[in-house]
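Participant: Only the shape, not the letters, is given here:
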């Protein structure tokens, strides 16, 4: 359809530039009537219905997301760095506060939580004496492993947060997961 319209306005095999461009003007522009000496004024058609403001940095419209520039453009990204999210897709996240403990298994690529367990849930609250001691951490690990097995997840990787040390309650959750059949790879820096 577009080819037929352009062919209608072009002459033979000539290129559309030059004098033939004036013939294409009604096709490429949107008319906007105004009081400019009683004639129709041609305005370029805008995709958004408003003017596209051009960013100073690039010539693209402001609506496009700017590319993130690397601090070190010469840095080589290894094969392992590119594929680790697919080779070890599930990550373990453990959060321990003064009042409760929660743990979850998250799929790295889709960012979906596959299994979640916490001492704030009603069914766990009623059974436990305390919601933040070592036996509570071990029960959270056991419950999380059962829910992970229901979702067909048998491996996970765990990297502690910067402020967390791999000892005490966090170690109890991870050890309970390992004891109940979930293979957890622990990455300590």
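Facilitator: Thanks, I have the structure now. This one's a predicted model, so the numbers in the text were calculated from it and none came from an experiment.

Participant: neighbours of residue 176, just the number please.
Facilitator: Residue 176 is flanked by 21 other residues according to other CB atoms under 10 Å. The C-beta positions use only the backbone N, C-alpha and C, and glycine is treated the same way.

Participant: Now do the SS call for it.
Facilitator: helix (DSSP: H, G, I helix; E, B strand; the rest coil).

Participant: Kindly report the same for residue 125.
Facilitator: Reduced to three states by three-state DSSP, residue 125 is helix.

Participant: which residues sit in contact with it?
Facilitator: With contact taken as CB atoms under 8 Å, 6 or more residues apart in numbering, residue 125 is in contact with 119, 131.

Participant: Ok, the one 10 residues further on next?
Facilitator: Applying CB under 8 Å, 6+ apart, one finds that residue 135 lies in contact with 128, 129.

Participant: how near is it to residue 142?
Facilitator: 10 Å (CB to CB, to the nearest Å).

Participant: can you map out the strands along this structure?
Facilitator: 29-36, 39-44, 90-96, 101-107, 113-118, 155-158, 183-186 (DSSP state E).

Participant: Least confident of the ones you listed, on average?
Facilitator: Lowest mean pLDDT within the strands of the chain: strand 29-36, a mean of 49.

Participant: Might you list the low-confidence residue ranges for this protein?
Facilitator: By pLDDT under 70, the low-scoring segments of the chain are 1-70.

Participant: Helices of that one, residue ranges please.
Facilitator: 2-9, 20-28, 79-87, 122-127, 134-150, 169-179 (DSSP state H).

Participant: Looking at the ones you listed, which is nearest to residue 188?
Facilitator: With CB to CB as the criterion, residue 188 lies closest to helix 169-179 of the helices of the chain, at 11.3 Å.

Participant: Cool, thanks, talk later.
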